[in-house]
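K.L.:
mind folding the following:
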Amino acid sequence: MTRALPLLALLAAALTGAAALAGCTAEAAPPDASVVVATVGDGTVTLDEVAEAYGRLVVSGGLDASPEALDAVVQSLVSRRLLIEDARADGITDTPGYQEALALAETKALVDRYVADALRDELAVTEADEREAFVMMNTTYDARHLYARDEQAAERLRQRLMAGETFEALARETFADSLLAATGGRVGPFGHDEMDPAFEAAAFRLEVGEVSEPVRTATGWAILRVDARATNPLLTEDDFARKRDQIRRYVSRRKRTEGRFRLSREIRDELAPQFTDAFDWLVAFATGVAPGLDSEALAEWRRQPLVAFD
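P.N.:
Numbering: from 1, shown residues only. A predicted model of the protein is given here:
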């Protein structure tokens, strides 16, 4: 691509908001994101599209910036635009299947935009976040826990532990899983990203031997105790510096995931969803408890609401 180097300069300016790279003067204004990079049939590829795709590939993906990487991005966008032009020419946009897919895509875009706006103030990554994550990535635990369906039940378990009952005794009445019931809820040695994020964060902050407050996880509530914890004693500033970009991306991704779960739980609690018999059958079928339905019954079930809101 003969214009790779000038385009790379424009792209750098678009990504940084300053035109001071690759031959652009410091006084030059940032380029217009609507600049057309390529024309394909009735459509175009703009600098804004290139900047977004290039950012995902190079900035987020950690790859080296180069004219070759930029060329690959532009060629990919051109190929996608060619497919779009052909699809429109074939009348794909008028088919029921496309309309269903479009509705699903619009719903996803709406949810993603809402979550991004709602969590904007929580997603900043600080150096303290990065350093804590660096230590967590190099820490292993030996812990045990008790499971409860709600916070009140978890608190009752905690009070019984504080009154002198043991994990071994309570695990036998808490867990249907025979292994957890027999081992006092011991989850055994685990390291980074091997447990529920909230469980792991609680284990990281607990003193060895301390019983936690109720911890909300993706599947319910937990009371845990860390019996042993070990952190790699050979961590250095060079290690941190070398892995910092990777750590930052990980922390940012985890913040988004945790924030999304928390937001969805808050909304669910506020809306008080009421699950119907149709939903109960779906769960029973998915877990192998209920038999399948014949075609007529299945068609009738698909018309039923799964959940209602106050």
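K.L.:
what are the ranges of the strands in the chain?
P.N.:
Remark: strands assigned in the chain by DSSP state E are 36-40, 43-46, 139-148, 186-190, 215-216, 221-231, 274-275, 307-308.
K.L.:
dump these into JSON lines; add distance to E68 and mean neighbour count as well.
P.N.:
Where you see a C-beta, it was placed from the backbone N, CA and C, and this is true even at glycine. Below are the strands of the chain laid out as JSON lines (distance: least, CB to CB, whole Å; neighbours: other CB atoms under 10 Å):
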{"stretch": "strand 36-40", "distance to E68": "16", "mean neighbour count": "15"}
{"stretch": "strand 43-46", "distance to E68": "18", "mean neighbour count": "16"}
{"stretch": "strand 139-148", "distance to E68": "39", "mean neighbour count": "21"}
{"stretch": "strand 186-190", "distance to E68": "41", "mean neighbour count": "15"}
{"stretch": "strand 215-216", "distance to E68": "47", "mean neighbour count": "19"}
{"stretch": "strand 221-231", "distance to E68": "41", "mean neighbour count": "19"}
{"stretch": "strand 274-275", "distance to E68": "53", "mean neighbour count": "12"}
{"stretch": "strand 307-308", "distance to E68": "50", "mean neighbour count": "12"}
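K.L.:
relative to A101, which of the ones you listed is closest?
P.N.:
Each of these has some distance to A101 by CB to CB; the shortest is strand 43-46, at 19.3 Å.
K.L.:
how far off centre is the closest one?
P.N.:
30 Å (CA atoms, centre = their mean, to the nearest Å).
K.L.:
so which elements touch that strand?
P.N.:
Contacts defined by 3 or more CB pairs under 8 Å, 6 or more residues apart in numbering; DSSP states H and E place strand 43-46 against strand 36-40, helix 67-89.
K.L.:
which positions in stretch 270-289 come out as buried?
P.N.:
Residues 279, 281-282 are the ones in stretch 270-289 that count as buried (16 or more other CB atoms under 10 Å).
K.L.:
ignore the last one, stretch 175-182
P.N.:
Result for stretch 175-182 [16+ other CB under 10 Å]: buried residues 175, 180-181.
K.L.:
from those, which single one is nearest D294?
P.N.:
For these, the nearest to D294 is F175 (37.1 Å; CB to CB).
K.L.:
excluding its backbone neighbours, what's nearest that closest one?
P.N.:
A181 (4.3 Å; CB to CB, 6 or more residues apart in numbering).
K.L.:
list the contacts for the one you found?
P.N.:
If you count contacts by CB atoms under 8 Å, 6 or more residues apart in numbering, A181 has them with 171-172, 174-175.
K.L.:
take the residues you listed and keep only those in helices.
P.N.:
Counting by DSSP state H, the part of these found in helices is 171-172, 174.
K.L.:
neighbour-wise, which of the residues you listed leads?
P.N.:
A171 (22 neighbours; other CB atoms under 10 Å).
K.L.:
quick check: that residue vs T46, distance?
P.N.:
59 Å (CB to CB, to the nearest Å).
K.L.:
pick out the lowest-pLDDT one from the ones in helices among the contacts of A181.
P.N.:
Within the ones in helices among the contacts of A181, T174 has the lowest pLDDT, namely 86.
K.L.:
how about JSON lines for the ones in helices among the contacts of A181, with distance to P96 added?
P.N.:
Putting the ones in helices among the contacts of A181 into JSON lines (distance: CB to CB, whole Å) gives the following:
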{"residue": "A171", "distance to P96": "53"}
{"residue": "R172", "distance to P96": "55"}
{"residue": "T174", "distance to P96": "49"}
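K.L.:
which of those lies closest to E296?
P.N.:
For those, the nearest to E296 is T174 (42.3 Å; CB to CB).
K.L.:
quick one, what contacts the closest residue in space to that closest one that isn't next to it in sequence?
P.N.:
Leaving aside its chain neighbours, T174 sits nearest to L146 (4.9 Å; criterion: CB to CB, 6+ apart). By CB under 8 Å, 6+ apart, the contact list for L146 reads 154, 157, 161, 167, 170-171, 174, 185, 222-224.
K.L.:
got a list of what Y141 touches?
P.N.:
Neighbouring residues of Y141 by CB under 8 Å, 6+ apart: 189-191, 200, 203-204, 226, 228-229.
K.L.:
tell me, what residue is most central in the chain?
P.N.:
T257 (3.6 Å; CA atoms, centre = their mean).
K.L.:
return the residues in contact with the spatially closest residue to that residue that is not a sequence neighbour.
P.N.:
Nearest non-adjacent residue to T257, counting by CB to CB, 6+ apart: P197, 7.2 Å away. Residues near P197 by CB under 8 Å, 6+ apart: 254, 257-258.
K.L.:
just send those back as CSV, with distance to D94 and pLDDT too.
P.N.:
Below are the contacts of P197 laid out as CSV (distance: CB to CB, whole Å; pLDDT from 0 to 100):
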residue, distance to D94, pLDDT
R254, 42, 87
T257, 38, 85
E258, 42, 85
